[in-house]
Structure formats: structure tokens, C-alpha cells
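> Build me a model from this:
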Amino acid sequence: MARKSKVSIESTEVLSGENAIQNKEIEGLSQGQIVRKRFFRHRAAVISLVTITTIVVMAFTALDFRLFGVWRVSGWWKWTPEDLPDLRFGDCPNDTIGCPTISLRPKFLGGAGIGLGTHPFGQDDIGRDFFALVMKGTQRSLSVMFVIGSIAATLGVVVGSIAGFYRGRIDAILMRFVDFMITIPVIIIGSVIGYRYGNLGAVFLAFLLGLFAWTGLSRLVRGEFLSLREREFVDAARVAGATNKRIIFKHILPNAIGVIIVSVTLLLSGAILLETALSYIG
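Predicted structure coming up:
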């Protein structure tokens with residue numbers, strides 16, 4: 001019995017040696033790594049990112065692009081909105097002129113093959129290439145969207161975070177200023193600025209409009225900061241001796257980033273609608 005017990009103990013020691021757990025350092029994921037991991041797992045989000053990136057790259061590389069008349073990017077498309085080539089006649093359906101030349105049917109299916117042709121989107125009544133016109137309009141809309149969105153997001157987050165974190169008299173003063181800014185008719189201001197300074201370009205107009213488009217975002221950020229500043233992790237940071245700057249940027253702002261992203265996304269779409277309305281007014 002003693003011998004059997006000894007064998008069993010020795011075998012147990014051998015097995016435990018073979019299956020011993022090795023201690024390894026485990027590294028945690030940062031917040032940015034977690035966000036990227038979840039984002040790239042979302043198929044629709046990745047497809048949307050690729051689509052919008054393709055549109056932006058095509059818009060700013062197809063035609064010559066100038067920013068404030070300083071930086072210039074040469075385009076790869078041979079036509080410009082100012083070119084007036086000959087109109088296409090004869091092979092257009094319903095006796096129309098300037099028909100599209102893009103072909104999406106392969107030759108083995110009886111088509112002309114896959115290709116863009118000379119004028120893939122067609123031409124207008126005076127011969128201008130529609131693809132060049134679309135890319136020019138996309139350039140302007142995206143430029144206005146980026147400028148208005150950047151300025152409005154910066155001002156809205158700064159004003160809203162200060163008002164929501166410090167509260168009291170600072171909050172009252174800033175919110176009354178926001179109420180005053182909301183009463184200003186942006187469409188009328190944009191029309192006047194466009195009429196007076198339209199020769200400076202759409203980007204300059206977008207810069208001025210961005211100074212009036214941040215009010216809604218600031219109120220949302222203020223409300224989020226008012227809620228988050230009362231949470232336990234903020235109290236723990238105060239007890240640990242964290243400064244107000246660290247509490248705002250390291251603790252509250254990262255937790256409010258979801259509301260900010262959604263609000264800025266809606267703000268960008270509103271900027272395009274504002275630019276479209278001003279273009280319609282002239």
C-alpha cells in the first residue's frame with residue numbers, strides 16, 4: 001500500500017509538472033484600442049468608411065483644387081467645369097444630346113464593355129462635362145462641411161464643457177450668450193456675407209458661418225458634463241488630487257465623446273444643407 005501510494009504521488013507530481021501554468025504578463029487594452037477593435041468588427045461601419053473615403057479622395061483629386069489660393073492639387077480628370085467640348089449627337093436615346101458614355105455591360109453580354117468613356121455622366125446643354133461639375137460641387141460641399149464642422153465642434157465643446165463643469169455664474173453667463181447666438185438668423189447672415197465677401201470663396205464663407213453653428217452642440221455638451229461631474233469616478237479623481245484640467249480631459253470628456261460624435265455628425269449634414277440653401281438663394 002505504501003509503495004502504491006508513493007507511485008501515485010510521484011505520477012501526480014509528474015503530471016502537475018507537465019501541466020504547470022506559466023505566469024505571463026497580461027497587457028490590457030487601452031480605450032482607443034477597444035474602440036478600433038469594435039469598429040473594425042462592424043461590417044457596415046467599415047463599408048461606410050471606405051465609401052466616404054473614396055468619395056472624398058475622388059472629389060479632391062479629380063479636379064484642380066486650391067485652398068485659400070495657396071495650396072494647389074492637380075487633378076487627373078481631363079475636363080474642367082469651364083471646358084466646352086463638342087456635344088455628343090446621334091447615339092443618344094430619345095434624341096437627347098450630351099448623353100452619358102459610361103458602360104457597365106460587358107462585351108460577352110452584348111454590351112460595349114465596362115468603361116467610363118469620354119463623358120461618363122454626360123454633358124449639359126452647352127457641352128460642359130457633368131462629371132467635372134459633380135466633382136466641383138462635391139469639393140465645395142465637403143470643404144464647407146469640414147470647415148463649419150471643425151469650427152463649430154471646437155467652440156461647442158469648449159463652451160459647453162466649461163459651462164457644465166464650473167456651473168454657477170460662469171454657466172449662466174455662457175448660456176445667456178448661447179441663447180443670444182441662437183436668435184441670430186444664420187441664413188440671412190450667410191446671404192449677406194456671401195453677397196459682400198463672395199469673391200473670397202466658399203471656404204471663407206464657411207469659416208464665418210462656423211462661428212454661428214456651434215450653439216446646439218454646446219448645450220448638449222453642457223448637459224452631459226452636468227451629469228458626468230456628479231459621478232463617482234469624478235469624486236475619486238478629486239480625492240486623488242487631480243486638477244480640474246485633468247478631470248475634464250481625462251475623465252469627463254472621454255465619457256462624453258459618444259454624444260459629441262453623434263452631434264457633430266448631425267452638424268456636418270446640417271452644414272451641407274445650409275450651403276445648399278445659400279447656393280439656391282444665390
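> Output the helix or strand where Ile47 lies as CSV, restricted to C-alpha atoms.
Per DSSP states H and E: Ile47 is located in helix 43-62. Below are the C-alpha coordinates for helix 43-62, written out as CSV (Å, rounded to 0.1, in the frame of the first residue of the first chain):
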residue,chain,number,x,y,z
ARG,A,43,-19.0,45.5,-41.3
ALA,A,44,-21.4,48.3,-42.1
ALA,A,45,-19.2,50.8,-40.4
VAL,A,46,-16.1,49.7,-42.3
ILE,A,47,-18.0,49.8,-45.7
SER,A,48,-19.3,53.3,-44.9
LEU,A,49,-15.8,54.4,-44.0
VAL,A,50,-14.4,53.1,-47.3
THR,A,51,-17.3,54.7,-49.3
ILE,A,52,-16.9,58.1,-47.7
THR,A,53,-13.1,58.0,-48.1
THR,A,54,-13.4,57.1,-51.8
ILE,A,55,-15.8,60.0,-52.4
VAL,A,56,-13.5,62.4,-50.6
VAL,A,57,-10.4,61.2,-52.4
MET,A,58,-12.1,61.4,-55.8
ALA,A,59,-13.6,64.8,-55.2
PHE,A,60,-10.3,66.4,-54.2
THR,A,61,-8.1,64.6,-56.8
ALA,A,62,-10.3,64.6,-59.9
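> buried set for it?
Going by neighbour count (16 or more other Cβ atoms under 10 Å), the buried part of helix 43-62 is Met58, Ala59, Phe60, Thr61, Ala62. Placement of C-beta: from N, CA and C, glycine included.
> Let me know the closest of these to Ile170.
Phe60 (40.9 Å; Cβ to Cβ).
> Where does pLDDT dip in the protein?
With pLDDT under 70 as the threshold, the chain has low-confidence stretches at 1-27, 67-71, 87-98, 112, 198, 282.
> For it, which helix extends over the most residues?
Counting residues, the longest helix found in the chain (DSSP state H) is helix 130-166.
> and that helix, which residues are buried?
So, applying 16+ other Cβ under 10 Å, buried residues of helix 130-166: 130-136, 138-149, 151-153, 155-157, 159-165.
> and that helix, what does it pack onto?
helix 43-62, helix 168-182, helix 202-210, helix 215-228, helix 257-281 (3 or more Cβ pairs under 8 Å, 6 or more residues apart in numbering; DSSP states H and E).
> For the fourth one, which outside residues touch it?
What it means is helix 215-228. The contact list for helix 215-228 (Cβ atoms under 8 Å, 6 or more residues apart in numbering) reads 152-153, 155-157, 159-161, 163-165, 167, 171, 174-175, 178, 181-182, 234, 252, 255-256, 259-260, 263-264, 267.
> Downstream of that helix, the next helix or strand is which one?
helix 232-239.
> Please state the offset of the following helix or strand past that next one from the chain centre?
For helix 232-239, the following helix or strand on the C-terminal side (DSSP H and E) is helix 244-246. Helix 244-246 sits 27 Å away from the centroid of its parent chain (Cα atoms, centre = their mean, to the nearest Å).
> Can you tell me what sits against helix 244-246?
Counting by Cβ under 8 Å, 6+ apart, Phe165, Ala237 sit against helix 244-246.
> Quick one: residues contacting Arg128.
Taking Cβ under 8 Å, 6+ apart, we find Arg128 in contact with Pro81, Glu82, Asp83, Leu84.
> If we use 7 Å, what do you get?
Pro81, Asp83, Leu84 (Cβ atoms under 7 Å, 6 or more residues apart in numbering).
> Please report the distance of it from Lys136.
For Arg128, the distance to Lys136 equals 10 Å [Cβ to Cβ, to the nearest Å].
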